[in-house]
Every structure is written in C-alpha cells, then in structure tokens.
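Novice: This is a predicted model, with the sequence first.
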Amino acid sequence: MSGRKNLTKLLVFAVLASLLISACVATPPQAAAPAGEQPMGAAEQITLRWANIISASGQEQWQAVVDAFQAKYPNIRVVSESTAGSGAAI
C-alpha cells in the first residue's frame, strides 16, 4: 500500500513540476499580417546604444563584430559609446 502512495505522490509531483515549467516558457504572440504586407514594426529602424569601457584599439576590433551584426539585421543600428573617465575615450 505504501508503494502505491509513493507512486501517487511522484505522479502528482511530476504533473505539478511540468505545469510550473511550462508556465515559465514564453510563447511569442502570433500576429497575422494581411497577404503582401510586412508585420507591424518589421521595417522599423531600431538604435541600440552600447555603453562600454573599451579602448580606442579595442573599439576598432569590435567594429567588425558590429558591422557583421548590422549586415545581418539592417534595421538595427548599433551606436558604441565609451564611458567617460574609463580611459577609453582617447
């Protein structure tokens, strides 16, 4: 009889754990766009401000990464800003 109680407890725990885990997964909303139209915001220009403490030479090295990112996502512009007093703004 105790084996059946343990099995019941295990099954209840497994069901509750799976419900909790599935509640934590975010599902993006599915927006239906009319035929021939882009979804809202698809062509919207976005600017990302990247604050850093990178030196001027480090900034040049990261520029290749930023250029590759912007080539893949042309509607996102990355602006790199060095923090004043960090020694990077030379």
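Specialist: All right, it came through fine.
Novice: Quick check: Gln45 vs Pro74, distance?
Specialist: 9 Å (C-beta to C-beta, to the nearest Å). Every residue, glycine included, has its C-beta placed from N, CA and C.
Novice: Equivalent analysis for Thr47, please.
Specialist: In terms of C-beta to C-beta, Thr47 sits 13 Å off from Pro74.
Novice: Equivalent analysis for Ser80, please.
Specialist: Counting by C-beta to C-beta, the gap from Ser80 to Pro74 is 18 Å.
Novice: got it, and Leu10?
Specialist: Counting by C-beta to C-beta, the separation of Leu10 from Pro74 is 52 Å.
Novice: what are the ranges of the strands in this structure?
Specialist: Taking DSSP state E as the test, the strands found in the chain are 46-52, 76-82.
Novice: for the ones you listed, which one ends up most surrounded?
Specialist: When the strands of the chain are scored by mean count of other C-beta atoms under 10 Å, the highest mean neighbour count falls to strand 76-82 (a mean of 14).
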